[in-house]
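[1] Quick check, what structure comes out for this input:
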Amino acid sequence: MAGESLFAERTIQAAQRHRTTLHSPAYRALAATVCLLISGCSVSHKTVVKPSQAPGALQTATKAELLDTYNRQADSIRAVNLSVKMKLTGGSNYSGVIEQYHEVNGFMLAAKPANIRVIGQAPVVGKNIFDMVSNGEEFHVFIPSKKDFIVGPTNLQRPSRKPVENLRPQHLVDALLWAPVSDRVPVLFEQANETQARYYVLTVLRRMSPSSADASNAEQSPAGELEIAQKIWFNRADLNVSRIETYASAGVLASDDRYSNWDAFDELHYARQIDVARPGDDYQLQIAITKATFNETIAPDRFILPQPPGTKLVRVGEESGEDSKESQP
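    I've put the predicted structure just below:
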């Protein structure tokens, strides 16, 4: 980041190489110590801290109004055709594929209920560096530089140590195309205050299924208990959705998606900046939308990605726990 010293940059890079969590108390203590060593501050030095900038005028809404706003937005977008810039901002699993590029140009096609295709291209030359599709049941990923063609189920839970397998297209369709909240599920309503903004938060609940209950805690967590499905954050400055947290079973945060730079596209409304974070999959992806069209018919064959000749087929999620490989002549 501009303005940071070379020493600070190397400190952060070293922490990332050792998988240090930058926001951990230990790291904050280390960073504070480094600051003191660099600046020569003494512990008795007094520092005047300016008050946080007060948020602007706040809008108000009821739970029913926010649910209606969210559902109308979800129902208004059935398909997207996007030109984007993508940037990996965290995780190490993409090394060798995207880390060599500061920013990746690309295209995203998505259509409800679950079809998506994502193509990433190298800057300037426009050469494809990955191509991936999903139909909601199976995903295909092609990496030309490695001649790998990866195939697996979209519900694969086992994190992969291999470069591109954790970034699956189905994760992105959930961020691009929202599902409406049913009027039959319980929803909690609260206000949340942070330093620079104020929010309304809708917490969507669901019934825990027998399959999602932890066998070791079956008595403490019987099937039918409520658990968190989603948290939907609305910025009270404009009542736009700013964040959607999606939870897997047992309260595990599966995805933390943030939305900003909302813009008008004719009669529709859509965020130009979408940041997808998958804590369990160890990656974060920034998506900046440069061009967009909505709700146009997308030919079914654009969501088909056959295995190219001369590539190696990698099947992930096999019963044996080992990925199977076979070559395509």
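
[2] C-alpha from now on. contacts and neighbour counts both.
    OK.

[3] mind checking how far Ser209 is from Gly224?
    Taken as CA to CA, to the nearest Å, the spacing of Ser209 relative to Gly224 amounts to 6 Å.

[4] Would you point out the helix or strand in this structure whose mean pLDDT is lowest?
    Taking mean pLDDT, DSSP states H and E as the measure, the helix or strand of the chain with the lowest value is helix 25-39, at a mean of 36.

[5] The host helix or strand of Tyr70: which residues count as buried?
    Following DSSP states H and E, one finds Tyr70 within helix 63-76. With burial defined by 16 or more other CA atoms under 10 Å, the residues of helix 63-76 counted as buried are Leu66, Leu67, Tyr70, Asn71, Gln73, Ala74, Ser76.

[6] if I read this right, Val316 contacts Val151, doesn't it?
    Yes: between Val316 and Val151 a contact is recorded at 6.3 Å, counting by CA atoms under 8 Å.

[7] Settle it for me: which of those two has more neighbours?
    When Val316 and Val151 are compared on other CA atoms under 10 Å, the one with more neighbours turns out to be Val151, at 22 against 19.

[8] got the contact list for that one?
    Residues in contact with Val151 (CA atoms under 8 Å, 6 or more residues apart in numbering) are Glu138, Phe139, His140, Val141, Leu313, Val314, Arg315, Val316.

[9] And Val204, by the same measure?
    Counting by CA under 8 Å, 6+ apart, Val204 has contacts Val181, Val185, Pro186, Val187, Leu188, Ile228, Ala229, Gln230, Lys231, Ile232.

[10] Touching, the third one and Arg206? I think so.
    Yes: Pro186 is within contact range of Arg206, at 7.3 Å (criterion: CA under 8 Å).

[11] More neighbours: these two, which one.
    In this comparison of Pro186 against Arg206, neighbours counted by other CA under 10 Å, the higher total goes to Arg206 at 17 against 13.

[12] any idea which element that one lies in?
    Per DSSP H and E: strand 198-207 holds Arg206.

[13] and the next element down the chain from that strand?
    strand 226-235.

[14] That next one to helix 63-76, inter-axis angle?
    Using axes from the mean of the first three to the mean of the last three CA atoms, to 10 degrees, the interaxial angle of strand 226-235 with respect to helix 63-76 works out to 90 degrees.

[15] Show me the domain layout of the protein.
    Domain segmentation of the chain under automatic domain parsing yields 6-39, 63-70+178-294, 85-176+310-327.

[16] could you give the mean pLDDT of the last one?
    In this case it means domain 85-176+310-327. In this model, domain 85-176+310-327 has a mean pLDDT of 78.

[17] Tell me the secondary structure at Thr195.
    The local conformation at Thr195, judged by DSSP: H, G, I helix; E, B strand; the rest coil, is coil.

[18] How many residues are close by it?
    The burial count assigned to Thr195 is 10, neighbours taken as other CA under 10 Å.

[19] I'd like the distance from it to Glu245, if you could.
    20 Å.

[20] Point out where the stretch 151-300 of the chain drops to low pLDDT.
    Flagging of the stretch 151-300 of the chain using pLDDT under 70 yields the residue ranges 157-166, 210-223.

[21] again, only using 80
    Counting by pLDDT under 80, the stretch 151-300 of the chain contains low-confidence ranges at 155-168, 209-224, 281-283.

[22] any idea where the strands of it begin and end?
    Using DSSP state E, counting those that start in this stretch, the strands found in the stretch 151-300 of the chain span residues 187-193, 198-207, 226-235, 241-247, 253-265, 268-278, 283-294.

[23] Counting neighbours, show which residues of the third one come out buried.
    The one in question is strand 226-235. The neighbour-count check on strand 226-235 (16+ other CA under 10 Å) flags Glu227, Ile228, Ala229, Gln230, Lys231, Ile232, Trp233, Phe234, Asn235 as buried.

[24] what's that strand packed up against?
    Using 3 or more CA pairs under 8 Å, 6 or more residues apart in numbering; DSSP states H and E as the contact criterion, the neighbours of strand 226-235 among helices and strands are strand 198-207, strand 241-247.
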